[in-house]
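> Predicted model and sequence follow; I will ask about them next.
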Amino acid sequence: MTIEFTKRDQEIVAQTFASMTEDIDRAAAIFYKKFFASQPEAEALFAQADMHAQGRKLLKFFEAIVSSMPYIKQKQPDISELAHMHNRFGVKPEYLPEFGAALIETLREFMGRYEFTPEVEDTWMKVYAWVSEIMKDEMSGAE
Ligand code: HEM
């Protein structure tokens, strides 16, 4: 999948994500609360997980994406590898849209109504669409 992020996209994403990484544990807790509320059956997959560590891993992963945006294509192998891991965890690609929605809603909550403008939302949707498309392709090819 081809992708290009403008300088403006990069600025928006870096600035808005910073508000979450400054308060990483609370952001992760809010994210999983939202995700499990919209996708209750997904919670069982995390039965063995240390959710504190998991939340940090998730946000650190996005942090790495955000800081790699000028050369984002180089992140593709990491995302593919992550997708293969998710096959082993039993994650289905059908969960990906709700996962993205929970991410966007968490950002919205962190940012506040006025700062999370439609432009910010569109930019994040573009980022998540790219990541989740790679995840989905690799997950559908699961054996
Ligand atoms: C773009 C979407 C996603 C990203 C970036 C992502 C990211 C991650 C990361 C970084 C880890 C830690 C892997 C490690 O231990 O090194 C992880 C683990 C995990 N993820 Fe995801 N994830 C995504 C979507 C999903 C979805 C949709 C589900 C569905 C339920 C899910 C369920 C899990 C589970 C069950 C684990 C393992 C938890 C454990 O037992 O330790 N993930 N994910």
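Looks like it came in fine. Residues are numbered from 1 along each chain as shown.

> count of residues packed around the closest residue to residue 140 other than its chain neighbours?
Spatial nearest neighbour of residue 140, excluding adjacent residues (C-beta to C-beta, 6 or more residues apart in numbering): residue 93 at 5.9 Å. Glycine gets a C-beta too; all of them are placed from N, C-alpha and C. Residue 93 sits with 17 neighbouring residues when counted by other C-beta atoms under 10 Å.

> how close does residue 93 get to the ligand?
8 Å (C-beta to the nearest ligand atom, to the nearest Å).

> Settle this for me: residue 75 is touching residue 65, isn't it.
Yes. At 5.8 Å, residue 75 counts as touching residue 65 under the criterion of C-beta atoms under 8 Å.

> per-residue pLDDT, residue 102?
Each residue has a pLDDT score; the one for residue 102 is 98.

> tell me which element it is part of?
helix 96-111 (DSSP states H and E).

> Next, the buried residues of that helix.
96, 98-108, 110-111 (16 or more other C-beta atoms under 10 Å).
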